[in-house]
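>>> Sequence and predicted model, in that order:
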Amino acid sequence: MKKVFIDGETGTTGLQVRERLVNHPEIEVISIDEAKKRDVEEKRRLMKEADVTVLCLPDEAAKDTVAIAKAEGCRVLDASSVHRVADGWVYGLAELDASQREKIQDAQFVSNPGCYPTGIILLLKPLVEQGLLAKDGHYTVNAISGYTGGGKQLIEKYEGNSDAATYGTYGLNFKHKHLPEIQKWSQLDNTPIFIPSVGNFAQGMLISIPVTLSGSMTGEKLHAALAATYEEEDFVTVHPFNEVKDSHAPFLTPHGLENTNQVELAVFASEDGKSVVLSAKLDNLGKGASGAAVQNLNLMLGFAEDVAVVL
Ligand SMILES: NC(=O)C1=CN([C@@H]2O[C@H](COP(=O)(O)OP(=O)(O)OC[C@H]3O[C@@H](n4cnc5c(N)ncnc54)[C@H](OP(=O)(O)O)[C@@H]3O)[C@@H](O)[C@H]2O)C=CC1
Ligand SMILES: CC(=O)N[C@@H](CCC(=O)OP(=O)(O)O)C(=O)O
């Protein structure tokens, strides 16, 4: 049995990582006494005992635990947003390219991707890298997330509150914390305009990237490239071109993948192929957080990637 310590085990992401790992035949979770969860020496003891420590902490707290890991030589999987573009860290998106799994397997420090970037990068990165979308293009990303994406504080604003807004756009200062990782790992020259929003539902996420194409490029070609890129991936599905695959069809919704580790990609285009929407659906707490964390833990510890990734 391998041992995993989850720092922040009682938070939104931590709880879901723990619940998944309860079903893992090869991993034992070692827990900190709730009364000691901020005790640095107790954390150090558990981190030294663990094969990997998973950080499900607010950003500032994550930095403190990483300082312990650096001093003690411990392996860390960080679910916070602090290290996603940092030197010395491997980006924990296994499907990023052919070499990423091996990098995750060998790494001391792995950063779990943000929920929005997971869908956005899976759409844009291969198309930009293959020269089908301009690297120096100016892109806009629209997205909606369930309110659990904002952790305990946002959950409190929604649950038991009949005044909670059905829909709200945010990030309107153009400084959303996911922008650096979206730009870096999608290989974009320019920072995209990112318009996230939150809806009055717990889990689920839908991302839409509208693009206008020119020359000989068409939506169908973009679709073919995505389908070929992810053909062998177990956690990424590319739906048939121009088809809304959704139990709420004709509406494309953020729902249907709750508690899974799946991402569904789709491409829609106008008749002339030039007006296109790229879309991604995932569970913000699944492939967007805890499912991906367990996938990464499996890679780091040498297990099959799909063990216990579903809640
Ligand atoms: N929710 C989501 O969809 C996603 C979240 N993340 C990231 O995961 C991390 C955790 O987020 P989330 O689970 O949503 O947040 P929550 O607020 O739900 O949980 C954070 C947990 O960390 C605990 N905590 C705070 N400071 C410390 C500390 N110094 N030592 C030990 N425990 C501490 C909190 O305890 P207490 O309640 O007592 O304050 C709480 O239990 C964040 O960095 C977030 O950005 C990543 C992907 C998606
Ligand atoms: C609805 C909501 O508030 N979502 C969060 C992002 C959730 C997520 O991916 O968080 P990490 O970057 O910590 O991984 C936000 O926009 O800040």
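Arrived safely, thanks for sending. Numbers count the residues shown, from 1 in each chain. Ligands and ions are numbered 1, 2, ... in the order given.

>>> So for the residue in the stretch 201-311 of the chain that ligand 1 sits nearest to, what's the nearest residue that isn't a sequence neighbour?
In the stretch 201-311 of the chain, the residue that lies nearest ligand 1 is residue 289 (3.4 Å; Cβ to the nearest ligand atom). Where you see a C-beta, it was placed from the backbone N, CA and C, and this is true even at glycine. Excluding the flanking residues, the one nearest residue 289 by Cβ to Cβ, 6 or more residues apart in numbering is residue 13, at 4.9 Å.

>>> show me the contacts for the one you found.
56, 79, 151, 285, 289, 290, 293 (Cβ atoms under 8 Å, 6 or more residues apart in numbering).

>>> Helices - which of those land there?
151, 293 (DSSP state H).

>>> of all the contacts of residue 13, which two lie farthest apart?
151 and 293 (14.6 Å; Cβ to Cβ).

>>> For those two, work out which one has more neighbours and name it.
residue 293 (29 against 16; other Cβ atoms under 10 Å).

>>> for that one, what are its contacts?
Contacts of residue 293 (Cβ under 8 Å, 6+ apart): 13, 17, 54, 56, 77, 79, 92, 112.

>>> For those residues, pick the one with the most neighbours.
residue 54 (31 neighbours).

>>> which residues does it bridge with?
residue 6, residue 77 (DSSP bridges).

>>> what are the ranges of the helices in the stretch 51-200 of the chain?
59-72, 100-106, 115-129, 151-158, 179-186 (DSSP state H, counting those that start in this stretch).

>>> Tabulate the ones you listed (TSV), appending distance to residue 311 and mean pLDDT.
Shown next, in TSV, are the helices of the stretch 51-200 of the chain (distance: least, Cβ to Cβ, whole Å; pLDDT from 0 to 100):
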stretch	distance to residue 311	mean pLDDT
helix 59-72	23	97
helix 100-106	21	98
helix 115-129	15	98
helix 151-158	17	96
helix 179-186	25	98
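
>>> Determine which stretch of those helices is the most buried.
helix 115-129 (a mean of 25; mean count of other Cβ atoms under 10 Å).

>>> Close to ligand 2: what parts of the stretch 101-250 of the chain are there?
Selection of the stretch 101-250 of the chain residues close to ligand 2 by Cβ under 6 Å from any ligand atom yields 114, 115, 116, 145, 149, 150, 154, 177, 178, 196, 198.

>>> out of those, which are buried?
Taking 16 or more other Cβ atoms under 10 Å as the criterion, what is buried in those is 114, 115, 116, 145, 149, 150, 154, 178, 196, 198.

>>> a markdown table please, covering these and showing distance to residue 84.
Shown next, in a markdown table, are those (distance: Cβ to Cβ, whole Å):
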| residue | distance to residue 84 |
| --- | --- |
| 114 | 7 |
| 115 | 12 |
| 116 | 12 |
| 145 | 17 |
| 149 | 16 |
| 150 | 18 |
| 154 | 20 |
| 178 | 8 |
| 196 | 16 |
| 198 | 21 |
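
>>> from those, which are also near ligand 1?
114, 115, 149.

>>> And the first one, how far from residue 181?
According to Cβ to Cβ, to the nearest Å, residue 114 stands 6 Å off from residue 181.

>>> Repeat that for the second one.
Note on residue 115: its distance to residue 181, by Cβ to Cβ, is 11 Å.

>>> give me the residue from the stretch 1-150 of the chain nearest ligand 1.
Closest point on the stretch 1-150 of the chain to ligand 1, by Cβ to the nearest ligand atom, is residue 11, at 2.1 Å.

>>> how many neighbours does that residue have?
So residue 11, with other Cβ under 10 Å, has 17 neighbours.

>>> what's the distance between it and residue 216?
49 Å.

>>> do residue 155 as well
Residue 155 is 48 Å from residue 216, by Cβ to Cβ.

>>> And for residue 123?
21 Å.

>>> which residues touch the residue of the stretch 51-200 of the chain found nearest ligand 1?
The stretch 51-200 of the chain approaches ligand 1 most closely through residue 151 (2.7 Å), counting by Cβ to the nearest ligand atom. Residues near residue 151 by Cβ under 8 Å, 6+ apart: 11, 12, 13, 58.
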